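>>> sequence first, predicted coordinates after that:
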Amino acid sequence: MVDRASARSLAARTVRIGACGGAAAVRMAAIAATSSEGTRGTRLAAELARLMERLGGAFVKTGQILGTRVDLVGETLATALGRLHDDVEPMTPEEALRTMRAGLGLTPPEFVRAVGGPSVAGGSIACVYRAERGGRALAVKVRRPGAGAAIAADMAVLRAAAGAAARLPALRRVPFMEIVDQVGDCLMAQLDFGAEAANLRRLHDDLAGIPGVVVPRPVPELSGDGVIAMEFIEGLDRGVIEDLPARVREAQITSLVHAVYRMLFIEGFLHLDLHQGNTYFKPDGTVVVLDAGLVFRMSPRARERFTGFFAGMIRGDGEVCADILLSTVRRTDPETDIAAFHAEISDLVLRNVGMVARDFDLPAFCLDLFDLQRKHRLYAEPEFIFPMLCLLTLQGVVKRHHPMMDFQLEAAPFVMHGLLVTSGATG
């Protein structure tokens, strides 16, 4: 029964993707044929953003991530995709109210009034409304109806693609299914608002020691299934960072990077959704981090190994990096040339050590790293994909607003702390 239902879901989602994609392709062809050179790129980018919005689910999430990487997709497309961070078409007031009543039972009248007005933000999973209750302003996040079905169907599509890829001779050892399952677990976990409220509280507590970083506190007594109430933080505007003095902007980027490094190397608790709709830079110098729905908890072993790998990167010690990758490989082909793998990993590390953010191409580094694993049929810990995803999103804003930051060296004190935590736990 489950398999049949999954097959129907996969077929329905595939048909919708094909129908929406086909219609968008026709419109984009017309735009390309009829637009002037000056407007063509902007109109094509807007059409692509609308397509991702219509498809919803994992497609909106993909658009949000791409929108953070101006260096990869260009200014025009990044700007068009940028509205997917917090300006996706809202649900109707009736839909929001049904979710509230199902999750809270007796719904506070202030919440009812809030969803009757415009939302202050809208993403792939939920819309956010402002409510006043008891003399304080609250942000009320309400889950979209049908969000779970769209993501589950997208994961079915990805699982089918991963299964097909895993049957290719050159890719049989790549743990595609495990990676897709872990990504799927993260995406589906966004629907559990009880878990998200707990994650938000943990994020608040973990980052309390990072100067200038603010995370809103959840309000548990006003939260429930599909609804999270939290502190409302005033003055959030995605465009503010562009107008801040360079000194202020660079200090804020440094604070954000330190927050991420603490989560990564010390806590092993990763925020995977640091796009412009979840990170805001205020004129007073503070950085606001929102939304703890898309997170990943690294196993102690994976956190230890990744921290050691990054320590090797900082020192330019490719041998250590290669040893760590090999220590996580589950099966080694007897014909694998371990010495050649060591040499090529060392060369890759040495070519990338000590670069400032402007020059360090993390996507290319990740692709090269994966390609070497594929070439030698040695596939490291699948969990490593999650810190890489976290850093890929972060690096986009760093490259844009603090290009001379030494992305690797800034990690050094946090890596050292992480290694000491590991040493204390094991010794």
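Right, received. Where do you want to start? Numbers count the residues shown, from 1 in each chain.
>>> isn't residue 384 up against residue 303?
No. Counting by CB atoms under 8 Å, residue 384 stays clear of residue 303, with 10.5 Å between them. C-beta: built from backbone N, CA, C; applies to glycine.
>>> endpoint to endpoint, stretch 346-362 covers what distance?
16 Å (CA to CA, to the nearest Å).
>>> what sits up against that stretch?
312-319, 321-322, 365, 368-369, 372, 388, 391-392, 395, 398-399, 402-409 (CB atoms under 8 Å, 6 or more residues apart in numbering).
>>> try it again with 6 Å
313, 316, 318-319, 321, 365, 368, 392, 395, 398-399, 403-407 (CB atoms under 6 Å, 6 or more residues apart in numbering).
>>> and if you look at stretch 268-283?
Here stretch 268-283 has contacts from 64, 68, 85-86, 235-236, 238, 240-241, 252, 263, 287-291, 294-298, 303, 386, 389-390, 393-394, using CB under 6 Å, 6+ apart.
>>> of these, grab the buried ones for PyMOL.
Buried members of the contacts of stretch 268-283, defined by 16 or more other CB atoms under 10 Å, are picked up in PyMOL with:
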select buried, resi 64+68+85+86+236+238+241+252+263+287+288+289+290+291+294+295+296+297+298+303+386+389+390+393+394
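>>> keep only those of the contacts of stretch 268-283 that are in strands.
287, 288, 289, 295, 296, 297 (DSSP state E).
>>> and the next element down the chain from the longest helix along the chain?
Longest helix in the chain, counting residues (DSSP state H): helix 2-34. Beyond helix 2-34 on the C-terminal side, the first helix or strand identified by DSSP states H and E is helix 37-55.
>>> against which helices or strands is that next one packed?
helix 2-34, helix 57-66, helix 75-82 (3 or more CB pairs under 6 Å, 6 or more residues apart in numbering; DSSP states H and E).
>>> tell me the angle it makes with helix 2-34.
Relative orientation of helix 37-55 versus helix 2-34 (axes from the mean of the first three to the mean of the last three CA atoms, to 10 degrees): 160 degrees.
>>> elements contacting the longest helix of the chain?
helix 37-55, helix 147-166.
>>> nearest to residue 75, out of those?
In terms of CB to CB, the element of the helices and strands packed on helix 2-34 nearest to residue 75 is helix 37-55, at 9.5 Å.
>>> list the buried ones in that closest one?
40-41, 43-55.
>>> return the closest of the residues you listed with respect to residue 127.
Once CB to CB is applied, the member of the buried residues of helix 37-55 that ends up nearest residue 127 is residue 53, at 13.4 Å.
>>> which stretches of the stretch 1-150 of the chain have low pLDDT?
1-10, 57-58, 61, 64-73, 84-88 (pLDDT under 70).
>>> and with 80 instead?
Within the stretch 1-150 of the chain, the stretches with pLDDT under 80 are 1-17, 52-75, 77-79, 81-89, 123-124, 146-150.
>>> go on, the stretch 151-300 of the chain?
For the stretch 151-300 of the chain, counting by pLDDT under 80, the residues that fall below are 151-190, 275-277.
>>> mind redoing it with 70?
In the stretch 151-300 of the chain, residues with pLDDT under 70: 165-166, 168-176, 178-180, 183.
>>> please enumerate the helices of it.
176-189, 193-206, 240-243, 246-261, 300-315 (DSSP state H, counting those that start in this stretch).
>>> what are the buried residues along the second one?
Going by neighbour count (16+ other CB under 10 Å), the buried part of helix 193-206 is 193, 196, 197, 199, 200, 201, 202, 203, 204, 206.
>>> leaving out sequence neighbours, find the closest residue to the first one.
Using CB to CB, 6 or more residues apart in numbering and skipping the chain neighbours, the partner closest in space to residue 193 is residue 228 (5.1 Å).
>>> try the third one
Counting by CB to CB, 6+ apart, residue 218 is the residue found nearest to residue 197 once chain neighbours are left out, at 4.4 Å.
>>> list the contacts for the one you found?
197, 200, 201, 230.
>>> what's the most distant pair in these?
The widest separation within these (CB to CB) is 9.5 Å, between 201 and 230.
>>> can you lay out the helices and strands packed on helix 2-34 as TSV showing distance to residue 109?
TSV is the format used below for those (distance: least, CB to CB, whole Å):
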stretch	distance to residue 109
helix 37-55	32
helix 147-166	26
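>>> out of those helices, nearest to residue 134?
Across the helices and strands packed on helix 2-34, closest to residue 134 is helix 147-166 (CB to CB), at 29.5 Å.
>>> tell me the buried residues in that closest one?
Neighbour-count burial for helix 147-166 [16+ other CB under 10 Å]: 147-148, 150-159, 162.
>>> highest average neighbour count across the helices and strands packed on helix 37-55?
helix 57-66 (a mean of 22; mean count of other CB atoms under 10 Å).
>>> quick check, distance from stretch 306-324 to the centre of its chain.
In terms of CA atoms, centre = their mean, to the nearest Å, the centre of stretch 306-324 is set 24 Å apart from its chain centre.
>>> start and end of it, how far apart?
End to end - CA to CA - stretch 306-324 spans 8 Å.
>>> picking that back up, name the nearest of the buried residues of helix 193-206 relative to residue 80.
residue 196 (28.0 Å).
>>> enumerate every residue touching the closest one.
292, 293.
>>> also residue 215?
Per CB under 6 Å, 6+ apart, neighbours of residue 215: 203, 204, 207, 289.
>>> do I have it right that the first one meets residue 292?
Yes. Under the criterion of CB atoms under 6 Å, residue 203 makes contact with residue 292 at 4.9 Å.
>>> circling back to that earlier point, same list, the contacts of residue 218, but as a markdown table with distance to residue 14 please.
Below are the contacts of residue 218 laid out as a markdown table (distance: CB to CB, whole Å):
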| residue | distance to residue 14 |
| --- | --- |
| 197 | 34 |
| 200 | 35 |
| 201 | 39 |
| 230 | 37 |
